[in-house]
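Colleague: predicted structure and sequence below. I'll ask about it afterward.
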Amino acid sequence: MADATYTDGIARTVLTERRRALLFFNGFGLFAVACLFGWVWFFHLLGEIVLWPLPIQIEVDIPGDARAFRLGHMEAITQGLMLMGLAFGGRYLLLSDRMQTILMWSSLITAWLFTLPAMANTFFGTRGLAFGGGPFKPGLANDVIYLFGWPPVLAVHIMLGVIALGAWAYLRQTKDA
């Protein structure tokens, strides 16, 4: 396949190597955050920081419940996998430079801003699903976390639309290949 196609007078290429590397790097970053969050969950369960045979034993009282820890941990893993998958699948997306930029930002906003507020809910005892708390615990933390949920809610739909357009353009371009 040629590096660029000019259907409709618009230059389109597969997702550039640098953009795919940035997506992979951010996916790995989310995996690292998931690992660190898993350590916090581990110490929350133990009620102390202890790593035998190291001579460390520090009692801690880390707030949170299993549901919230599980959600934050899995959100980071899931979003990290999504970015890594997009990095590898980017070679099958035929997009203009502008659409590639939109895809990059919508993907990063989706991945990070779905993950970090989910983790914050763990420590504040909130859900962040409704302004004012809805049926869950109300408060300033809940409302701030709820507002952080709006950008990724919009970004995920933009990201999915751009992926569909890019994949469709790639399939059309390669139908006789």
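Modeller: Good, I have the coordinates.
Colleague: got the contact list for whichever strand or helix holds Ala141?
Modeller: Using DSSP states H and E, Ala141 falls within helix 140-148. Applying CB atoms under 8 Å, 6 or more residues apart in numbering, the external contacts of helix 140-148 come out as 113, 116-117, 120-121, 124, 126-133, 136. For the C-beta atoms, the positions are set from N, CA and C on the backbone; glycine is no exception.
Colleague: again, 6 Å this time
Modeller: Contact with helix 140-148 is made by Leu113, Pro117, Ala120, Asn121, Phe124, Thr126, Gly128, Phe131, Gly133, as judged by CB atoms under 6 Å, 6 or more residues apart in numbering.
Colleague: as CSV, the residues you listed with distance to Trp41 and pLDDT would be great.
Modeller: Shown next, in CSV, are those (distance: CB to CB, whole Å; pLDDT from 0 to 100):
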residue, distance to Trp41, pLDDT
Leu113, 21, 97
Pro117, 17, 95
Ala120, 14, 95
Asn121, 13, 94
Phe124, 16, 92
Thr126, 17, 91
Gly128, 19, 87
Phe131, 28, 91
Gly133, 24, 88
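Colleague: out of those residues, list just those in strands.
Modeller: Using DSSP state E, no member of those falls within strands.
Colleague: out of these, who's the most crowded?
Modeller: Ranked by neighbour count (other CB atoms under 10 Å), those have Asn121 at the top, with 26 neighbours.
Colleague: excluding chain neighbours, what is closest to the residue most central in space within the chain?
Modeller: Centroid-nearest residue in the chain: Ala111, 1.6 Å away (criterion: CA atoms, centre = their mean). In this structure, Ala111 finds its nearest non-sequential neighbour in Gln79, 3.9 Å apart by CB to CB, 6 or more residues apart in numbering.
Colleague: could you list the buried residues of the helix or strand the one you found falls within?
Modeller: With elements taken from DSSP H and E, the one containing Gln79 is helix 66-89. Residues 68-69, 71-73, 75-77, 79-80, 82-84, 86-87, 89 are the ones in helix 66-89 that count as buried (16 or more other CB atoms under 10 Å).
Colleague: which neighbouring elements make contact with the helix or strand that that helix is followed by?
Modeller: Using DSSP H and E, the helix or strand that directly follows helix 66-89 along the chain is strand 94-95. Where contact means 3 or more CB pairs under 6 Å, 6 or more residues apart in numbering; DSSP states H and E, strand 94-95 is packed against helix 150-173.
Colleague: I appreciate the help and will end here.
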